[in-house]
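Enquirer: Quick one: sequence plus predicted model below, questions after.
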Amino acid sequence: MANQPLETYYCCCGKSICKGCIYSFNESGNIDKCPFCNAEVDKTDEERVDELMIRVEANDAGAMYILGNHYYHGHLGLLQDRVRAMELWKQAAALGSSKAYYQLGCIYREGGDSKKAKFHYEAAAIAGNEVAR
């Protein structure tokens, strides 16, 4: 279970929910539906990317962070593009995403830039990121 996200982001409506609440929602018979907007969640990778792009255009920091992850790792049929991932994380961080700040801190630490890493880790902690604290 290491490195498993504790929550799921729904790109249909731009909201996140914890895994326990998702389990409870599914147990009540609402399988394959968004707990917020009731949209079907069983979609193709292309449909998910399209929904994320719409949320990114609406300045949704959560969507920017998630799309950055997909670019960084080359998921959902996207070509791996770490430069684009960094751009998206920087945008999300500017909008206050603690996860994006933390991710940037990790990237800068791995790249050997301890000054930038410290800045982003501190910003993530101030924004409420538990791991950065």
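Expert: Structure received.
Enquirer: ranges for the strands of this structure?
Expert: Assigned by DSSP state E, the chain shows strands spanning 7-10, 15-18.
Enquirer: now the last one: mean pLDDT?
Expert: What it means is strand 15-18. When pLDDT is averaged over strand 15-18, the result is 88.
Enquirer: Tell me the helices and strands packed up against it.
Expert: Counting by 3 or more CB pairs under 8 Å, 6 or more residues apart in numbering; DSSP states H and E, the packing neighbours recorded for strand 15-18 are strand 7-10. (Glycine included, C-beta is placed from N, CA and C.)
Enquirer: Would you point to the one among the strands of the chain that's packed deepest?
Expert: Compared across the strands of the chain, strand 7-10 shows the largest average neighbour count, a mean of 18 (mean count of other CB atoms under 10 Å).
Enquirer: Where does pLDDT dip in this structure?
Expert: 1-5 (pLDDT under 70).
Enquirer: check contacts around Asp42.
Expert: Asp32 (CB atoms under 8 Å, 6 or more residues apart in numbering).
Enquirer: Lys33 versus that one, what's the distance?
Expert: 9 Å (CB to CB, to the nearest Å).
Enquirer: How about Tyr72?
Expert: According to CB to CB, Tyr72 stands 29 Å off from Lys33.
Enquirer: what about those two, which has more around it?
Expert: For Tyr72 versus Lys33, neighbours defined as other CB atoms under 10 Å are more numerous around Tyr72 (20 against 17).
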